[in-house]
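Enquirer: My questions concern the predicted model and sequence given below.
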Amino acid sequence: MTMHLRVQAGSFAICRLAPDARVPSWATRGHFSSVTRTPEELSIVCETRALPLEVGGERGWRALMVEGPLEFGLTGILAGLAGTLAASAVSIFNISTYDTDYLFVRDADLARAIAALRAADHRVSEG
């Protein structure tokens, strides 16, 4: 199935805090953020510029949004996209929302990710 993905503006960071940590105010600044709490961690994805320098984390990620909304009954979308990127040695971090999926790739891998997705007949919009 051909998917349409859109490269999101900006750079993102992914960090891990203690499972009982409060959600910091910087975590939800900007146009995209995701906060997930599990018994093992508080995971935050936010704009890189929002993450304080003293907080450790992985900086320099770019986001590709799968155009949605996607129906819950659809199968294999994420697996297909992830497999295409894995075949091109592009690692991903994924976030799924109610409507769609976001694939995060390292900034240095963005051009290779776009080329791989297009070669697999997916449409990728930039900017």
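Expert: Ah, there it is.

Enquirer: Which of the three states applies to the most centrally placed residue in the chain?
Expert: What sits nearest the mean C-alpha location of the chain, by Cα atoms, centre = their mean, is residue 104, with 3.0 Å. Here residue 104 is strand, with the state taken from DSSP: H, G, I helix; E, B strand; the rest coil.

Enquirer: I'd guessed it sits against residue 62; true?
Expert: Yes - counting by Cβ atoms under 8 Å, residue 62 is a contact partner of residue 104 at 6.8 Å. All C-beta spots, glycine's among them, are computed from the backbone N, C-alpha and C.

Enquirer: Show me the beta-bridge partners of the closest residue in space to residue 117 that isn't next to it in sequence.
Expert: Closest residue to residue 117 apart from its sequence neighbours, by Cβ to Cβ, 6 or more residues apart in numbering: residue 124 at 5.2 Å. Beta bridges link residue 124 to residue 5, judged by DSSP bridges.

Enquirer: Who are the contact partners of residue 124?
Expert: 4, 5, 6, 7, 64, 114, 117, 118 (Cβ atoms under 8 Å, 6 or more residues apart in numbering).

Enquirer: which stretches of this structure form strands?
Expert: Here the chain has its strands, by DSSP state E, at 4-7, 12-17, 34-37, 42-47, 58-66, 93-96, 101-106, 123-125.
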